[in-house]
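Engineer: sequence plus predicted model, see below.
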Amino acid sequence: MARPKTKEDLIAQSEQNYLKLLAYIDHMPDVFKELPPKYLNRNVRDVLAHLHHWHIMMLDWYDIGMLGGKPDMPAKGYNWRTVPDLNIVIWEKYKNTAMAEVVSLLESSYMKVQAIIESHTDEELYTKKKYKWTGSTSLAAYLISATSSHYDWALKLIKKVQ
């Protein structure tokens with residue numbers, strides 16, 4: 001699927017990939033949902049918690065950045081090279097959280113990220129360097145990574161379980 005190039009495309013692709021992921025999980029036999037982690041040390045719950053937490057980080061970057069601050073990206077004490085270490089910390093945070101709670105958290109954070117997308121124009125989303133906090137890229141680049149691209153990655157990973 002081509003990378004979204006407009007607000008309309010981003011909203012549609014984000015929603016489509018999110019719903020496709022949830023539909024796939026809903027139709028999985030429960031036995032597969034509860035299997036111990038097999039790929040990248042993650043089970044279905046772990047993958048959904050990962051998506052939720054990256055939504056939360058995106059929301060934090062946005063809130064801090066739009067107020068003129070410089071957010072810690074990807075998170076305080078981490079850089080883009082140490083994302084695997086950060087992902088382990090994220091896994092630790094949610095590893096004992098029930099699947100139903102993770103799904104609820106993901107739904108809530110998904111809606112908040114979608115609201116950000118909907119609140120901006122194409123120009124605001126896709127103009128590179130429009131916001132100081134996004135550096136040399138666009139706001140859309142961060143939102144695509146946190147939504148449609150991330151949901152696609154998650155679906156591919158979860159499909160490996162079966």
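Structural biologist: On my side now, so go ahead. Numbering: from 1, shown residues only.
Engineer: give the buried residues for stretch 67-74.
Structural biologist: Neighbour counts over stretch 67-74 (16 or more other C-beta atoms under 10 Å) mark P71, M73, P74 as buried. The way it works is simple: take the backbone N, C-alpha and C, and place the C-beta from them, glycine included.
Engineer: for the first one, what are its contacts?
Structural biologist: Shown in contact with P71 (C-beta atoms under 8 Å, 6 or more residues apart in numbering): D60, W61, I64, G65, W133.
Engineer: count of neighbours near P29?
Structural biologist: When counting by other C-beta atoms under 10 Å, one arrives at 8 neighbours for P29.
Engineer: any chance of the backbone angles for it?
Structural biologist: The phi and psi torsions at P29 (degrees, to the nearest 10) take the values phi -60, psi 140.
Engineer: can you lay out the buried residues of stretch 67-74 as a markdown table showing pLDDT?
Structural biologist: Formatted as a markdown table, the buried residues of stretch 67-74 follow (pLDDT from 0 to 100):
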| residue | pLDDT |
| --- | --- |
| P71 | 98 |
| M73 | 97 |
| P74 | 97 |
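Engineer: which residue is nearest the centroid of this structure?
Structural biologist: A146 (3.6 Å; C-alpha atoms, centre = their mean).
Engineer: who's in contact with that one?
Structural biologist: W54, H55, M57, M58, V113 are the contacts of A146 under C-beta under 8 Å, 6+ apart.
Engineer: swap in Y131?
Structural biologist: Going by C-beta under 8 Å, 6+ apart, Y131 touches G65, M66, L139.
Engineer: rounded mean pLDDT for the helix ranked longest in the chain, please.
Structural biologist: Identified as the longest helix of the chain according to DSSP state H is helix 44-66. Helix 44-66 shows a mean pLDDT of 96 in the predicted model.
Engineer: other SSEs contacting the helix or strand following that helix?
Structural biologist: The helix or strand immediately downstream of helix 44-66 is helix 83-94, counting by DSSP states H and E. In this structure, helix 83-94 makes packing contacts with helix 44-66, judged by 3 or more C-beta pairs under 8 Å, 6 or more residues apart in numbering; DSSP states H and E.
Engineer: which neighbouring elements make contact with the helix it packs on?
Structural biologist: Other elements packing on helix 44-66 under the criterion 3+ C-beta pairs under 8 Å, 6+ apart are helix 30-33, helix 83-94, helix 99-118, helix 139-146, helix 148-159.
Engineer: quick check: angle from it to helix 99-118?
Structural biologist: Using axes from the mean of the first three to the mean of the last three C-alpha atoms, to 10 degrees, the direction of helix 44-66 lies 30 degrees away from that of helix 99-118.
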